[in-house]
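*Asks:* Could you look at this predicted model? Sequence included:
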Amino acid sequence: MEEHICSTCESPIEEKVHAALIRISNYKSLKISPQKSIFLTGGGEHKCHGDWCWCSEGGRHGEWCSCYGGNYWSYEKYRLDFFIQNMNICIECDGEEFHDEKRDEKRDGWLFNKYGIITIRLSGELIHSSSEKRLIKILSKRIFGEDYSNKIVAIEKASSINKTLRKKI
């Protein structure tokens, strides 16, 4: 497997999870956004999101949110390690250094109560100790309730064989 590079991932554990999510996405369509910020805005409500913005054009901390012509001041409320937009799921990679159980619990509750976002948390220890196939198994079970790791490996193997055969023709 090629080395995976994620330009927005902030740590090796995020890189590893992103690589697994990409492989799952090749089998089950996932709209993955690494390092997705949820913004709260001042100056009124956004027309489609109420008092928050997560669009890619949203302003950064202390900037005007350009998605609505710069009419709203925005600040970052939370940054999600990974947001799966088409399933309204957040994946958080909890490294020892940045993990605060009480803060995380409060944040997870806020995301769910306000926006219906379900948070899946993976410890840094679990991520470090797991192979990519095991991460695919864990993530697919938590996201879909089913283990797709063997199917994904089989599809990738068949695809690789097809590419090799095409080159020989």
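*Replies:* Yes, it's here.

*Asks:* How far away from the center of its chain is the longest helix anywhere in the chain?
*Replies:* Using DSSP state H, we find that the single longest helix of the chain is helix 149-168. Between the mean C-alpha point of helix 149-168 and the mean C-alpha point of its chain there is a distance of 26 Å (C-alpha atoms, centre = their mean, to the nearest Å).

*Asks:* What is it packed up against?
*Replies:* Where contact means 3 or more C-beta pairs under 8 Å, 6 or more residues apart in numbering; DSSP states H and E, helix 149-168 is packed against helix 12-27, helix 132-144. Where C-beta positions appear, they are placed from N, C-alpha and C, glycine not excepted.

*Asks:* Off-centre distance for the shortest one?
*Replies:* Chain-centre distance of helix 132-144: 13 Å, with C-alpha atoms, centre = their mean.

*Asks:* Enumerate the positions of it that are buried.
*Replies:* By neighbour count, with 16 or more other C-beta atoms under 10 Å as the criterion, the buried positions of helix 132-144 are Glu132, Leu135, Ile136, Lys137, Ile138, Leu139, Ser140, Ile143.

*Asks:* Now render the helices and strands packed on helix 149-168 as a markdown table, adding mean pLDDT.
*Replies:* Output for the helices and strands packed on helix 149-168, formatted as a markdown table (pLDDT from 0 to 100):
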| stretch | mean pLDDT |
| --- | --- |
| helix 12-27 | 91 |
| helix 132-144 | 93 |
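
*Asks:* Now for the chain, the helix or strand with the poorest mean pLDDT.
*Replies:* Confidence across the helices and strands of the chain bottoms out at strand 63-65, with a mean of 45, counting by mean pLDDT, DSSP states H and E.

*Asks:* that's a strand at Phe83, yeah?
*Replies:* Yes. When the secondary structure is assigned by DSSP: H, G, I helix; E, B strand; the rest coil, Phe83 falls within a strand.
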